[in-house]
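Student: Turn this into a model:
(one chain, ligands or ions: 2)
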Amino acid sequence: APAIRLEDYQPPAYRIGTVDLRVELAPSETIVRAVLSITRQDGTHPGTPLELDGDDLALVSLTIDGRVPGQDEFNAAPDRLELFTPPAESFELELVTRLDPDANTKLMGLYRSSGTYCTQCEAEGFRRITYFLDRPDVLSVYTTRLEAEKDACPVLLANGNLIEEGPLGDSGRHFAVWHDPHPKPAYLFALVAGDLARVPARFSTQSGNEIALNIYVEHGKEDRCAWAMDSLIRSMRWDEEVFGLEYDLDVFNIVAVSDFNMGAMENKGLNIFNDKYVLADPETATDQDFANIEAVIAHEYFHNWTGNRITCRDWFQLCLKEGLTVFRDQEFSSDMRSRAVKRIADVRLLKSHQFPEDAGPLAHPVRPRTYHEINNFYTATVYEKGAEVVRMLKTLIGDDAFKAGLDLYFERHDGDATTIEAFLACFSEAASTNLDQFSRWYEQAGTPVVTAETDYDEGSKTFTVSLSQEIPPVPGQKNSKPAVIPLRFGLIGANGNDLDTGAPEGTRLQGDVLILNKAHQKITFDNIESRPVLSLLRGFSAPVRLNQSLSQDELVFLAAKDSDPFNRWQAVQTLLMKDLVRLTGETRQGNRAAPSSDTIAVIGNVLTDASLDEALRAQALVLPSEADIAQEIGKNVDPDAVYEARQQLRKAIAGAHGAEFQSIAKSAMPNGPFSPDAASAGKRALANRALSFVAVSELAGAAETIWERFAAAYNMTDRISALTLLVHDHLAKEEEALATYLKRHESNSLAMDKWFMTQATAPGAETLAKVRALKTHPLYDAGNPNRVRSLLQSFATGNPTQFARGDGAGFELVAESVLEIDRRNPQVASRLLTSFRSWRALDPQRSALAETALLRVSSFENLSRDSRDIVDRTLQ
Ligand code: DPP
Ligand code: ZN
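Tutor: Numbers count the residues shown, from 1 in each chain. Ligands and ions are numbered 1, 2, ... in the order given. Presented below is the predicted three-dimensional model:
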């Protein structure tokens, strides 16, 4: 199939004003009757053929204004319905289609998850329900009538407000009619029917509207919804307070299902969630799960304005709603928790997921220009880099202009399906500034590398910063143009205080932000009495790789003194990374080298610095991951050497500070009943981080300590931390711990995902056979995306030495699994396939083995469009 291109965009020839659906639900034969009111657009020639999208559809019948058309008037295929000469005036098209929800293993369109009927329509799932103009710039008012057996499906839900319900005679069936007054694109359509429990709450908006809130879950899971509901209420309040945005229907429903391709979906008034992002209690959810639920609930709720009220003109504009909404959920979490800790966590995620994407064969701009399969563009680049671009915009134009620009956007575009250009125009107007150069962030792929050098002149008392920027070549983009890069900075004097520098001549400087907008720039600060240390990219003010020539002493200084918590953390990480890269090289040469004493000392300072809260200290104690180190090395990577070097550093740190770690592992642990709040979570994070060093220390009884922590754990955070250490460090009672965990949690699917994941990510040659065996475990379910991800995705992305084994068996396992899953669920398969994206950075032997595995996938003729697209791009 030819690629779809942004430059080919044409407005639709017809619009669909209203959609009336009647859905008669049955497991393998659901009948959908859709009545579409269709109008020719001004400018469309009368008689222009109407082409509706379909995907795997079976048409039962159709009428045009009540008349059955002749065979020569239309053509119906599974993927398309064409009316050759539609009426020139508005007309009603009635379509009847027959669906088989039980046979729908793609989990797109209408399917069943544990007996519950549900839908997923983003991006192009509605066309699996009925023929439609399935594109986001066709906005319609939906009325949905559901009919189902009352016993099997007492709950009937769709978008909008409930307007009617009742029994269908004495057939044992009943119906409900939902009406959504807000015109919306088809991707926001949803319905749910099943036997579900309801957890209710209420919310009154700032203008006094009473909203009924409900979370629907499988019976027996009601008491695991409290945190999600609390998060929803806080999100609604926060969006009013911070953005002035209020909810706009009488009811807001959330449904949790166990089989779901994505994290969650923002369907108007009826969000459908992967239950992983709803269900939580201390026994089965970690602090990270609680934080994720808070963020995802907020994210989907915030879409009501940024995505639903204002939607995308076409799928190239996906970042218009996703980048902005991620930015909004990150701000929300920062306000709910520690801003610095949240920033560090977000940047870690960006660097570990988005940077490698942007540096490999799957690199694409935040707003792509072309695609074969849109499902493959729900990426870290569109989401996370998209959020960074919004954050930079705010930094560049300032808080007030940013607020004014957003207000203008909501006022001007409410009800629109719009574009990045229209979005940027609002900020350009509000700030009276030209954003043409800034818009390159949406156009150019690749992570800019910013190089910074400094020079102090004793005689003239000047400090000069020389900056340059460059984007390394990425597929389809050899040359790039300079971007506008806001660099938050400080010049730190010997006493640790920031100097008051004033604006140096001839540069753009806004407060403490340097604007780098040329390929090369020199900035000179006058009246600087002695050589300062430059703290650059504070708060990670731009998504760039910073290449700054800091001496070891300067890094140690920043790690101790920088007033910016992010850069303090960064300095610690940079010291660790320098050591890790050096140790990896030495290991590879067969040399024994020791970590630098600076690194060990800096970690000691962090450990005992009471001015840092626990969560920050825990973050500073997380060593760069094997994947981070591989990324830093960049080419000819040997994952075994990386692993060895990292273990060596971990052991050296543990050896030097064992006693402190042991004491912190005890003292930092909060007492009393579990609370998921950020402060308690930070304490647990620090205690468990300390424990991870105890595990590899030579201290007497270390392994017993970990086992005891596992056995005594009264919440999932502590239990899974200890289990991971027992399994990953192959400590005594590893198998006993796994068996104990299995027994305790076997009936809880989300907790069991962690059990599969812990084993799949264990280093050591035996893991491969274990993962193969786990694929046949009674609790393994190839139809459940969470379970597939917990075993196979986590093996491929979280176990570098075993995925990239020197004998190629890890690649083979993943390639063969991709082919198995692809038949059933292309989205899950193609996502798994992206784990090969950095294959060219491996050493020649390993990259040849990866290529063989990729070619094997590629040679499979019946590959889905999703997987075909990924494999072709990965190999190109
Ligand atoms: N459900 C996905 C999200 O919220 C796609 N919209 O990001
Ligand atoms: Zn989203």
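Student: Return the alpha-carbon coordinates of stretch 677-695 using CSV.
Tutor: Output in CSV follows, covering the C-alpha atoms of stretch 677-695 (Å, rounded to 0.1, in the frame of the first residue of the first chain):
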residue,chain,number,x,y,z
ASP,A,677,1.5,9.5,49.2
ALA,A,678,4.6,10.9,47.5
ALA,A,679,6.6,11.3,50.8
SER,A,680,6.0,7.7,51.9
ALA,A,681,6.7,6.4,48.5
GLY,A,682,10.0,8.3,48.5
LYS,A,683,11.0,6.7,51.8
ARG,A,684,10.2,3.3,50.4
ALA,A,685,12.1,4.0,47.3
LEU,A,686,15.2,5.0,49.3
ALA,A,687,15.0,2.1,51.6
ASN,A,688,14.6,-0.4,48.7
ARG,A,689,17.4,1.3,46.7
ALA,A,690,19.7,0.9,49.7
LEU,A,691,18.7,-2.7,49.9
SER,A,692,19.7,-3.2,46.3
PHE,A,693,23.3,-2.3,47.3
VAL,A,694,23.1,-4.5,50.4
ALA,A,695,22.2,-7.4,48.1
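Student: Mean confidence (pLDDT) on that stretch, please.
Tutor: Mean pLDDT, stretch 677-695: 98.
Student: How about that stretch, which residues are buried there?
Tutor: 678, 680-695 (16 or more other C-beta atoms under 10 Å). C-beta: built from backbone N, CA, C; applies to glycine.
Student: residues near whatever residue of the stretch 251-400 of the chain ends up closest to ligand 1, how many?
Tutor: Nearest residue of the stretch 251-400 of the chain to ligand 1: M265, at 4.2 Å (C-beta to the nearest ligand atom). Neighbourhood size, M265 [other C-beta atoms under 10 Å]: 24.
Student: With F302 instead?
Tutor: Around F302 there are 27 residues (other C-beta under 10 Å).
Student: right, and the helix or strand after the lowest-mean-pLDDT helix or strand in the chain?
Tutor: Every helix and strand of the chain was ranked by mean pLDDT, DSSP states H and E. The lowest is strand 509-510, at a mean of 64. Counting by DSSP states H and E, the element after strand 509-510 in chain order, helix or strand, is strand 513-516.
Student: partners of that following strand in the sheet?
Tutor: With DSSP bridges as the test, strand 513-516 is paired with strand 485-492 (antiparallel), strand 509-510 (antiparallel).
Student: Tally up the residues packed near D753, please.
Tutor: Residues near D753, counting by other C-beta under 10 Å: 21.
Student: Next: H45.
Tutor: Counted with other C-beta under 10 Å, the neighbours of H45 add up to 8.
Student: Against T85, how distant is it?
Tutor: Distance, H45 to T85, by C-beta to C-beta, to the nearest Å: 11 Å.
Student: picking that back up, correct me if wrong: the residue of the stretch 251-400 of the chain closest to ligand 1 contacts Q120.
Tutor: Yes - taking contacts as C-beta atoms under 8 Å, M265 lies within contact range of Q120: 6.1 Å.
Student: which neighbours do the two share?
Tutor: Taking C-beta atoms under 8 Å, 6 or more residues apart in numbering as the contact rule, M265 and Q120 both touch I272.
Student: Remind me which helix or strand I272 belongs to.
Tutor: Assigned by DSSP H and E, I272 belongs to strand 270-274.
Student: which strands and helices sit next to that strand?
Tutor: strand 116-120, strand 191-194, strand 251-257, strand 264-265, helix 287-302 (3 or more C-beta pairs under 8 Å, 6 or more residues apart in numbering; DSSP states H and E).
Student: Tabulate those in a markdown table, adding columns for distance to I633 and mean pLDDT.
Tutor: As requested, these are exported to a markdown table (distance: least, C-beta to C-beta, whole Å; pLDDT from 0 to 100):
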| stretch | distance to I633 | mean pLDDT |
| --- | --- | --- |
| strand 116-120 | 39 | 99 |
| strand 191-194 | 48 | 99 |
| strand 251-257 | 41 | 98 |
| strand 264-265 | 36 | 98 |
| helix 287-302 | 28 | 98 |
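Student: out of the ones you listed, nearest to ligand 2?
Tutor: helix 287-302 (5.5 Å; C-beta to the ion).
Student: quick one: the following helix or strand past that closest one near ligand 2?
Tutor: Following helix 287-302 in sequence order, the next helix or strand is strand 311-312 (DSSP H and E). No - using C-beta under 5 Å from the ion, strand 311-312 stays clear of ligand 2, coming no nearer than 11.2 Å.
Student: What is strand 311-312 packed up against?
Tutor: helix 318-336, strand 417-418.
Student: what sits up against the last one?
Tutor: When you say that, I think you mean strand 417-418. Here strand 417-418 makes contact (C-beta under 8 Å, 6+ apart) with P136, D137, L139, P185, I310, T311, C312, R313, Q317, L320.
Student: For the closest residue to ligand 1 within the stretch 701-850 of the chain, which three-state class applies?
Tutor: Nearest residue of the stretch 701-850 of the chain to ligand 1: Q827, at 11.9 Å (C-beta to the nearest ligand atom). Assigned with DSSP: H, G, I helix; E, B strand; the rest coil, Q827 falls in the helix class.
Student: sorry, back to before: comparing the strands paired with strand 513-516, which comes out most buried?
Tutor: Of those, the one with the most neighbours on average (mean count of other C-beta atoms under 10 Å) is strand 485-492, at a mean of 22.
Student: what is the mean pLDDT for it?
Tutor: pLDDT averaged over strand 485-492 gives 97.
Student: ok now it, how far from the chain's centre?
Tutor: The chain centre lies 28 Å from the centre of strand 485-492; the measure is C-alpha atoms, centre = their mean, to the nearest Å.
Student: And stretch 200-211, by the same measure?
Tutor: Remark: stretch 200-211 is offset 30 Å from the chain centroid, using C-alpha atoms, centre = their mean.
Student: Just the terminal-to-terminal distance for that stretch.
Tutor: Using C-alpha to C-alpha, to the nearest Å, the end-to-end distance of stretch 200-211 comes to 11 Å.
Student: just stretch 512-527 next, same as before
Tutor: 17 Å.
Student: same question, stretch 838-849
Tutor: 13 Å.
Student: For that stretch, buried residues please.
Tutor: S838, W839, R840, A841, L842, D843, R846, S847, L849.
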